[in-house]
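# can't give you the sequence, but here's the structure:
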């Protein structure tokens with residue numbers, strides 16, 4: 001990384017670099033976040049820290065660390081919230097259990113306003129159409145404030 005976009009090293013969460021995308025014509029787009037990853041249960045979860053500088057992004061680390069430390073509980077609440085939001089009536093316990101195993105955590109986004117967004121993916125393809133995924137938004141106290149479907 002250049003001095004313009006220094007690497008962020010975190011003892012708990014690892015290395016974060018400024019997110020970029022290279023287009024087919026060679027143009028490089030620089031995004032407004034730093035990205036890293038977390039290996040959990042033999043899968044990789046993308047970690048995103050909003051910010052255009054290392055200092056801005058580094059400020060999101062304490063919140064992200066706290067969420068990762070309680071990720072099992074938070075992920076279950078997130079999948080339960082997704083099922084509840086898109087069900088007709090109250091979901092049955094078995095529906096919540098099935099969704100908890102079907103909706104895998106793909107990314108955790110830590111925003112400048114303190115919001116954490118958990119991006120989930122439908123591993124079996126029965127809950128959401130291709131190209132769409134649910135996201136659970138956490139408040140400051142880690143309660144699910146709302147769920148969205150993104151594309």
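Ah, there it is. Bear in mind the structure is a predicted one, so any value in this text is a computation, not a measurement.
# Please make it C-alpha for all contacts and neighbour counts, starting now.
Noted.
# max-length helix in the protein?
helix 71-85 (DSSP state H).
# what helix or strand does the residue located most distally from the centre of the chain sit in?
What lies farthest from the middle of the chain is residue 25; by Cα atoms, centre = their mean that is 29.2 Å. In the assignment (DSSP states H and E), residue 25 maps to no helix and no strand.
# so how far is residue 127 from it?
36 Å (Cα to Cα, to the nearest Å).
# got it, and residue 38?
25 Å.
# if we can go back for a sec, list the residues that contact the residue farthest from the centre of the chain.
Contact analysis of residue 25 by Cα atoms under 8 Å, 6 or more residues apart in numbering lists nothing.
# Just read off the phi/psi values of it.
For residue 25, the backbone dihedrals (degrees, to the nearest 10) come out as phi -90, psi 0.
# phi, psi of the spatially most central residue of the chain?
By Cα atoms, centre = their mean, the chain has its centre lying nearest to residue 108, at 1.9 Å. As for residue 108, its main-chain torsions (degrees, to the nearest 10) stand at phi -120, psi 120.
# Can you report how many residues neighbour the closest residue to residue 123 other than its chain neighbours?
Counting by Cα to Cα, 6 or more residues apart in numbering, residue 102 is the residue found nearest to residue 123 once chain neighbours are left out, at 5.4 Å. Residues lying near residue 102 (other Cα atoms under 10 Å) number 18.
# Likewise for residue 148?
Count around residue 148 with other Cα under 10 Å applied: 15.
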